[in-house]
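K.L.:
Pasting the sequence and the predicted coordinates here, then a few questions.
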Amino acid sequence: MRTGPLQAGDLVLLIDRRRRSYPITLQAGKVQDLRGRLAHDDLIGRDEGTFVRTSAGERFLAVRPTLADYVLEMPRGATIVYPKDLAQILMAADVYPGATVVEAGTGSGSLTMALLRAVGPQGKVFTYDVRADFQRRALRNVEAFLGPQDRLVARIHDVYEGIPDAPAERIILDLPEPWRVVEHAAATLPAGGIFASYVPTVLQAHRTSEALRASGAFALIETTETLVRPWNLEGQSVRPVHRMVAHTGFVTVARRVAG
């Protein structure tokens, strides 16, 4: 992700007075038709956070997208992991700078990007998917937002068959049947390593927890759900907004024990 003045090739969000956002990629000489005409040249070279007006007088704030903005706007091959769950997964699985992480279920790449930012320049992320078309799209999304990544190894691989990149300190699964990976995870994680899975239904979370307990290789098994309720704090209007980001998935984590 770039910093400094806006440049040709940058992905930029134009945000209107109602906080609706419109992604554009800046191109020299291009004119945007968005409630009036806006020349990209009027943005190139200006500071991020600039307010601009179209020929019709509509005012927009121009900023580069955050990771949360980007994952909601990027092209999708599979359902994304939403920003609130990305935050929960990173904290629950304690993904730290320098860690080696195995991710299974590349999907559209939202979790991959969050993991790459968390492990930093000294860490490494191995990501598996059985769908080559999904993974190609995900890698395009990763490079579009983070640039080329030599810390990322992407494989077309079925993690239910095993984990070829051992050892790894963290294993993060976005799969329909994470309980089928418990045995492989026990063989891959060192003592103290963390298993994490993300599933949409509580039945899947329950079966994963039961498999972790039955293995005898894991302790501190915990399942959580994150709900986000924004508030409106403006003038005399101090109340929750009418819509909240409620259920999207369950995160189950467990620690590998010695022996």
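P.N.:
Yep, that arrived.
K.L.:
Next, the buried residues of stretch 164-180.
P.N.:
Residues of stretch 164-180 classed as buried by neighbour count (16 or more other CB atoms under 10 Å): 165-166, 168-175, 178-180. All C-beta spots, glycine's among them, are computed from the backbone N, C-alpha and C.
K.L.:
let me redo that: stretch 55-67
P.N.:
Result for stretch 55-67 [16+ other CB under 10 Å]: buried residues Phe60, Leu61, Ala62, Val63, Arg64, Pro65, Leu67.
K.L.:
which of those residues sit farthest apart?
P.N.:
Phe60 and Leu67 (21.3 Å; CB to CB).
K.L.:
between the buried residues of stretch 55-67, which is closest to Arg46?
P.N.:
Ala62 (7.6 Å).
K.L.:
And the residue positioned nearest the centre of the chain, how far from Ser21?
P.N.:
The centroid of the chain falls nearest to Ser110 when counting by CA atoms, centre = their mean (3.0 Å). The gap separating Ser110 from Ser21 is 17 Å, by CB to CB, to the nearest Å.
K.L.:
got it, and Ala87?
P.N.:
Applying CB to CB, the value for Ala87 to Ser21 is 20 Å.
K.L.:
Report the contact partners of Leu26.
P.N.:
Leu6, Gln7, Ala8, Gly9, Asp10, Val12, His40, Leu43, Ile44 (CB atoms under 8 Å, 6 or more residues apart in numbering).
K.L.:
try 10 Å
P.N.:
Going by CB atoms under 10 Å, 6 or more residues apart in numbering, Leu26 touches 6-12, 32, 40-41, 43-45, 62.
K.L.:
Let me know the helix or strand that the residue nearest to Ala93 when sequence neighbours are not counted is in.
P.N.:
Closest residue to Ala93 apart from its sequence neighbours, by CB to CB, 6 or more residues apart in numbering: Ala196 at 4.0 Å. Per DSSP states H and E, Ala196 falls inside strand 194-199.
K.L.:
That strand packs against which elements?
P.N.:
Under the contact criterion of 3 or more CB pairs under 10 Å, 6 or more residues apart in numbering; DSSP states H and E, strand 194-199 touches helix 83-92, strand 100-104, strand 170-173, helix 182-188, helix 202-215, strand 218-224, strand 250-256.
K.L.:
repeat that for 7 Å
P.N.:
Judged by 3 or more CB pairs under 7 Å, 6 or more residues apart in numbering; DSSP states H and E, strand 194-199 is in contact with helix 83-92, strand 170-173, helix 202-215, strand 250-256.
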